[in-house]
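Undergrad: coords please:
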Amino acid sequence: MIFMYLDDWLVVGRSRGEMEAALQLTWQLASDLGFLINTKKSHPVPSQVPTFLGASLDLRGGLARPSEDRLLNLRQCVSLFLPTVVAPARAWLRLLGLMASLVDLVDFCRLRMRPIQLHLLSFYRPRWHPIDHPVPTMSWLVPHLRWWLVEANITQGRVFRPPRPSVLITTDASGYGWGATLHPRQVAGVWGPAHQSSHINILEMLAVTNALKHFQSDVRGQAVLVRCDNATVVAYINHQGGTRSGHLCALTWDFTLWCIHHGIALSAVHIPGEENVTADALSRGWIAPTEWSLLPQVAQSIFRLIDRPHVDLFASRMNNQLPIYCTRGPDPNAWQTDALSVRWDGLLAYAFPPISLVSRVLTKIEQEDCRILLIAPFWPRQPCFPRLVRLLVHRPVILPRRADLLYQPSSGINHQAPGDLHLTCWVLSRDPSAQQAFRDELQQLQPSPVEPQPERCTIADYAISLNGVDGNPFIPPILL
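TA: Coordinates of the predicted model:
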């Protein structure tokens, strides 16, 4: 295999023998075709750490680092600026040129160039000023120059193949607010007075920032791909800033440093606006992430199967499944506001809280004498899953897979992928007698010794067992 850049060629082989044969053939063919080979600059001895186009290539580790010559030239140039008060624009351009030559060899090279680029542009414009126009060296710029003199910053190298994205986030912004999806979860927010008059590019970048910070536990240490319908924001993320907008570049600077601190390898891709349906609806307030409602027919089927609850604990005037309901905010028709702040003792209640509140709901059930029909995902790997199983007093009811299972009452918009939530109705209580009665019932449902027992704790078949109970009884779910 030959990599060519003008008159510089790199010959690569899978073994030393293959390499030597390929090199001999290439050398002979180039000579026969009349090419004059510069033997002084050529390296005919095969190596796994060759230097090519100013890069030291570690073929064993898959890393590309700046060559010693490039590093020396850069250090000398940076050192000339530190003691100076002013330097001609020509010198600043040479410095930036040396830095730009390391874009593919130094992590976050573009990011570290941005303060110097913006500083130069604030004093020098090629259209109006001569090439030797004086540009001052400001004190705030010195730390940004010194960064390039720290060995660890510029010699770590970059991998040949960046990691494939493991997390996909889609974002959007409008003048009203912002929205984001990390399948199957969603988040949205409304702009405060400080941002309502901001340029849309600023709002789109803030939407990306807010989304990653909201999903921080999911993106930490991951390769994240952001899908956005704003081409400017995509370019600023991928290029670690830009020179057209100082404000947008400053946001990108802070945001990228936050990603570095959390070990996030970030990239972005542009998508057409017509494909960004969910995030767009979230940003305009058409979808409230906490206002998803279960299809009434499904809710009523649950009540007929198990029991009709007294109250709907997490509802609004538009999505209540029962006449008596509790809301987050004031509602003259509501029984109470803020379900987690009222007593649940003696209640038989229906609860479909936001996923983020499931753990707090379980704590409430563990502390008070109630019986709750909780709608929550069947996610065995979540920390709260053992608590769900421990509080069971009825076989879990698996909700049907249908496209209209979840919808927004205010807009009629259906959830994009309700099946990925694996929603289940968990009948829970801390009552020891109810738990014991359920365990006694399970004993009659156990497979015989000759029958193969289903796999446990898998999302595919929803099989779970009651750990810590004699015989580890298998809990067969009910498919609604």
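Undergrad: from here on, just use CA atoms for contacts and neighbour counts.
TA: Fine.
Undergrad: now stretch 18-34: buried residues?
TA: Judged by neighbour count using 16 or more other CA atoms under 10 Å, the buried positions of stretch 18-34 are 19-20, 22-23.
Undergrad: I'd like to know which of the residues you listed is nearest to residue 170.
TA: residue 19 (45.2 Å; CA to CA).
Undergrad: that older thread, looking at the buried residues of stretch 18-34, which one is closest to residue 478?
TA: Checking the buried residues of stretch 18-34 against residue 478 by CA to CA gives residue 19 as the nearest, at 63.6 Å.
Undergrad: show me the contacts for that closest one.
TA: Contacts for residue 19 (CA atoms under 8 Å, 6 or more residues apart in numbering) come out as 11-13, 46.
Undergrad: again with residue 428
TA: 365, 371-374, 388, 391-394.
Undergrad: now stretch 112-125: mean pLDDT?
TA: Averaging pLDDT along stretch 112-125 yields 94.
Undergrad: buried stuff in that stretch?
TA: 112-120, 124.
Undergrad: tally of neighbours for residue 139?
TA: Neighbours of residue 139 under the rule other CA atoms under 10 Å: 10.
Undergrad: what about it, distance to residue 82?
TA: 9 Å (CA to CA, to the nearest Å).
Undergrad: sorry, back to before: which of the contacts of residue 19 are buried?
TA: Using 16+ other CA under 10 Å as the burial test, those include 12, 46 as buried.
Undergrad: next one: phi and psi at residue 152?
TA: phi -60, psi -30 (degrees, to the nearest 10).
Undergrad: next, count neighbours for it.
TA: 10.
Undergrad: likewise for the one 10 residues further on?
TA: One way to gauge burial is a neighbour count; for residue 162, by other CA under 10 Å, it gives 9.
Undergrad: what do you get for the one 10 residues further on?
TA: When counting by other CA under 10 Å, one arrives at 31 neighbours for residue 172.
Undergrad: just residue 355 next, same as before
TA: Neighbour count for residue 355, taken as other CA under 10 Å: 14.
Undergrad: could you number the chain from 48 rather than 1 from now on?
TA: Sure, I'll start counting at 48 from here, so that last one is residue 402.
Undergrad: report the contact partners of it.
TA: With contact taken as CA under 8 Å, 6+ apart, residue 402 is in contact with 423-424.
Undergrad: how near is it to residue 381?
TA: From residue 402 across to residue 381, the span is 22 Å (CA to CA).
Undergrad: check residue 70 too.
TA: Residue 70 sits 82 Å away from residue 381, going by CA to CA.
Undergrad: residue 472 now?
TA: To residue 381, residue 472 is 24 Å away according to CA to CA.
Undergrad: more neighbours: which of those two?
TA: residue 472 (27 against 19).
Undergrad: what bridges to that one?
TA: Residue 472 forms beta bridges with residue 422, residue 444, as assigned by DSSP bridges.
Undergrad: number of nearby residues for residue 240?
TA: Neighbours of residue 240 under the rule other CA under 10 Å: 8.
Undergrad: gap between it and residue 222?
TA: Distance check for residue 240 against residue 222: by CA to CA, it reads 11 Å.
Undergrad: just residue 312 next, same as before
TA: For residue 312 relative to residue 222 (CA to CA), the value is 29 Å.
Undergrad: more neighbours: those two, which one.
TA: A direct count of neighbours by other CA under 10 Å for residue 312 and residue 222 places residue 312 higher, at 20 against 17.
Undergrad: these two touch, right, the more buried one and residue 266?
TA: No: if you go by CA atoms under 8 Å, residue 312 and residue 266 don't touch, sitting 9.2 Å apart.
Undergrad: one step back: in helices, which of the buried residues of stretch 159-172 appear?
TA: For the buried residues of stretch 159-172, the ones inside helices are 159-167, with DSSP state H as the criterion.
Undergrad: tell me which element residue 259 falls in.
TA: Assigned by DSSP states H and E, residue 259 belongs to helix 247-261.
Undergrad: what's the following helix or strand after that helix?
TA: Later in the chain than helix 247-261, the nearest helix or strand by DSSP H and E is helix 263-266.
Undergrad: ok, residues contacting that next one?
TA: 214, 259, 311.
Undergrad: what comes up buried for that helix?
TA: Buried residues in helix 263-266, counted by 16+ other CA under 10 Å: residue 266.
Undergrad: swap in stretch 389-406?
TA: Result for stretch 389-406 [16+ other CA under 10 Å]: buried residues 391, 395-400, 405.
Undergrad: okay if I get the residues you listed as CSV plus pLDDT, distance to residue 477 and secondary structure?
TA: Formatted as CSV, the buried residues of stretch 389-406 follow (pLDDT from 0 to 100; distance: CA to CA, whole Å; DSSP: H, G, I helix; E, B strand; the rest coil):
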residue, pLDDT, distance to residue 477, secondary structure
391, 95, 12, coil
395, 96, 13, strand
396, 96, 14, strand
397, 96, 16, strand
398, 95, 16, strand
399, 94, 19, coil
400, 92, 19, coil
405, 93, 16, helix
